[in-house]
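A.B. asks: the following block contains a protein sequence and its predicted model.
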Amino acid sequence: MTPFTFYPGPRVLNGAGRSGELVDKLPFGPVLFVTDADVRRFGLPDDLLAALESSGRAVTLFDAVEADPSKATLLAAVEQGRVAGAASVVGFGGGSPMDVAKLAAYLLGSGDELDSIWGVGLVRGIRLPLALVPTTAGTGSEATPVAVITVEGAEKRGVNSPALIADWAVLDAELTVGKPRALTAATGIDAIVHAVEAYTSAKAKNPLSDMYAREALRLLGANLLAACERPHDQDARSAMLLGAHLAGLAFANAPVAGVHALAYPLGGLHHLPHGLSNALMLRHVLAFNAEAAREHYAELAEVLEPDCAGQSNQSKAALLIERLDELVTASGLQPRLRDHGIAFEQAPLLASEAMKQQRLLVNNPVEIREEDARRLYEAAW
Ligand SMILES: NC(=O)c1ccc[n+]([C@@H]2O[C@H](COP(=O)([O-])OP(=O)(O)OC[C@H]3O[C@@H](n4cnc5c(N)ncnc54)[C@H](O)[C@@H]3O)[C@@H](O)[C@H]2O)c1
Ligand SMILES: [Fe+2]
């Protein structure tokens, strides 16, 4: 067997209403609580905030995180945490607040400068204790060593280090029942793409990441439409949250690739939500990869549809692409770039932006050159 390294995720509290139990898991002392204004307005963090406050801790609430959070937002959160003398950090919300919380915990604990840690493995210091509570079933950020920040010029940059893996993650599906359909669909497709891209990740794919990716795809594929159609279906919501977490564990160890690389410029230049951007590129990048990744796509097709076992790898790979495309459409997302106000003429600029995502492109089963990327955007138009 090929040697591999696998980083496990955080300790997990899974179950409705369990976020209050974090009170016993975090050190005593001031807490920097990072969320966003909508999540706060919906009252989702109320129980945990009350539990933290009644434990006698001072809580500094930073609820100014925007979607695709900027460096300025992160530094503002760090400053508030510094002034408050934070002893721990809680990230509560979708991927955006969780990513800010992860980096805030590291920058506060280590005193490092953000600009010295971009990329893989440049983190050397110690972070503050960190707990993450996802309210979307999508990014799996609560499971991963990755945090993504938007820097000047709309470029998305990542920090990837085991030091960013949280101490605790709370998977409470009740926090996701109020998600509107479009958000459920987009974040759910994001998680599905994490599972699929981890399973074909060119360099780091390994038996453990494969195991998580397969189980993630099984849960997500079987429950996405139920969660879209019956928003209060607790079983579907729990399965989606666990699926997103497992997909996070998979891609934390076997990083995502071409779909994400081509999705990021849609977020950066056109402010499309991360999951939607992935959904728009999914079919096209998978079709481009189909020959090189045929065997792996065939294995994933059997996860979604065990009955296809007797078919050839070629038809199983085609079936996977077809089924994922049907999920995108049936979830209610508008599947073409033109549906989202993007002009056909944008393709060359998007392609040149995508080439900046070499850290992801190297994981794709087959090379995507700038010319290929342009064609893929045109096909997605
Ligand atoms: N760190 C990682 O491993 C990783 C992986 C993938 C993506 N990301 C990053 O995560 C971000 C995207 O995260 P996201 O897709 O979870 O969205 P998000 O955190 O940006 O939230 C999007 C919107 O959903 C709302 N929302 C969140 N939970 C809700 C709920 N339960 N009910 C109703 N509304 C709710 C928020 O208020 C916000 O308006 C991007 O910045 C992306 O780059 C990080
Ligand atoms: Fe993603």
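C.D. replies: Thanks, I have it. A quick note: this is a predicted structure, and the numbers were derived from the prediction, not measured. Ligands and ions are numbered 1, 2, ... in the order given.

A.B. asks: surely residue 370 meets residue 352?
C.D. replies: Yes - using Cβ atoms under 8 Å, residue 370 is in contact with residue 352, at 6.3 Å. C-betas here are computed from N, CA, C, even on glycine.

A.B. asks: excluding chain neighbours, what is closest to residue 267?
C.D. replies: residue 277 (5.1 Å; Cβ to Cβ, 6 or more residues apart in numbering).

A.B. asks: just confirm that neighbour contacts residue 269, I think it does.
C.D. replies: No - taking Cβ under 8 Å as the definition, residue 277 is not a contact partner of residue 269, at 10.2 Å.

A.B. asks: of those two, which one has the most company?
C.D. replies: Neighbours per residue (other Cβ atoms under 10 Å) separate residue 277 from residue 269, with residue 277 holding more: 27 against 16.

A.B. asks: residue 54: neighbour count?
C.D. replies: For residue 54, using other Cβ under 10 Å, the count is 10.

A.B. asks: next one: residue 312
C.D. replies: Residue 312 has 11 nearby residues by other Cβ under 10 Å.

A.B. asks: gap between it and ligand 1?
C.D. replies: 34 Å (Cβ to the nearest ligand atom, to the nearest Å).

A.B. asks: any idea how far that residue is from residue 233?
C.D. replies: 36 Å (Cβ to Cβ, to the nearest Å).

A.B. asks: could you do residue 283 as well?
C.D. replies: Residue 283 is 27 Å from residue 233, by Cβ to Cβ.

A.B. asks: which one of the two is surrounded by more residues?
C.D. replies: Set side by side, residue 283 and residue 233 give different neighbour counts by other Cβ under 10 Å, the larger being at residue 283 (20 against 17).

A.B. asks: what's the closest non-adjacent residue to the more buried one?
C.D. replies: residue 325 (4.7 Å).

A.B. asks: grab the nearest non-local neighbour of the most centrally placed residue in the chain.
C.D. replies: A centroid search over the chain (Cα atoms, centre = their mean) returns residue 139, at 1.9 Å, as the residue closest to the centre. Leaving aside its sequence neighbours, residue 139 sits nearest to residue 95 (Cβ to Cβ, 6+ apart; 3.2 Å).

A.B. asks: let me see the backbone angles for the closest residue to residue 215 other than its chain neighbours.
C.D. replies: Among residues not flanking residue 215 along the chain, residue 246 sits closest, at 5.4 Å (Cβ to Cβ, 6+ apart). When read as degrees, to the nearest 10, the backbone of residue 246 gives phi -70, psi -40.

A.B. asks: contacts only, for the residue nearest to residue 262 when sequence neighbours are not counted.
C.D. replies: Once flanking residues are discounted, residue 262 sits nearest to residue 281: 4.5 Å by Cβ to Cβ, 6+ apart. Contacts here follow Cβ atoms under 8 Å, 6 or more residues apart in numbering; on that basis residue 281 touches 259, 262-263, 266, 376, 380.

A.B. asks: and of those residues, the nearest to residue 5?
C.D. replies: Distances from residue 5 to the contacts of residue 281, taken as Cβ to Cβ, are shortest for residue 259 (24.0 Å).

A.B. asks: residues contacting that closest one?
C.D. replies: 193, 196-197, 278, 281-282, 285-286.

A.B. asks: tally of neighbours for the nearest residue to residue 137 once chain neighbours are set aside?
C.D. replies: Distances taken as Cβ to Cβ, 6+ apart put residue 240 closest to residue 137, at 3.8 Å, once the chain neighbours are dropped. Residue 240 has 29 neighbours, counted by other Cβ under 10 Å.

A.B. asks: those residues of the stretch 151-300 of the chain touching ligand 1, which are they?
C.D. replies: Contact residues, the stretch 151-300 of the chain versus ligand 1 (Cβ under 6 Å from any ligand atom): 175-176, 178-179, 183, 187, 274-275.

A.B. asks: quick one: the helices in the chain?
C.D. replies: 37-41, 46-54, 71-84, 95-110, 181-199, 207-229, 234-253, 258-270, 274-289, 294-304, 313-330, 347-354, 358-361, 370-380 (DSSP state H).

A.B. asks: one step back: my guess is the residue nearest to residue 215 meets residue 214, correct?
C.D. replies: No - using Cβ under 8 Å, residue 246 is not in contact with residue 214; the gap is 9.0 Å.

A.B. asks: intersection of neighbour lists for the two?
C.D. replies: By Cβ under 8 Å, 6+ apart, the residues touching both residue 246 and residue 214 are residue 195.

A.B. asks: neighbour count winner among these two?
C.D. replies: residue 246 (26 against 19).
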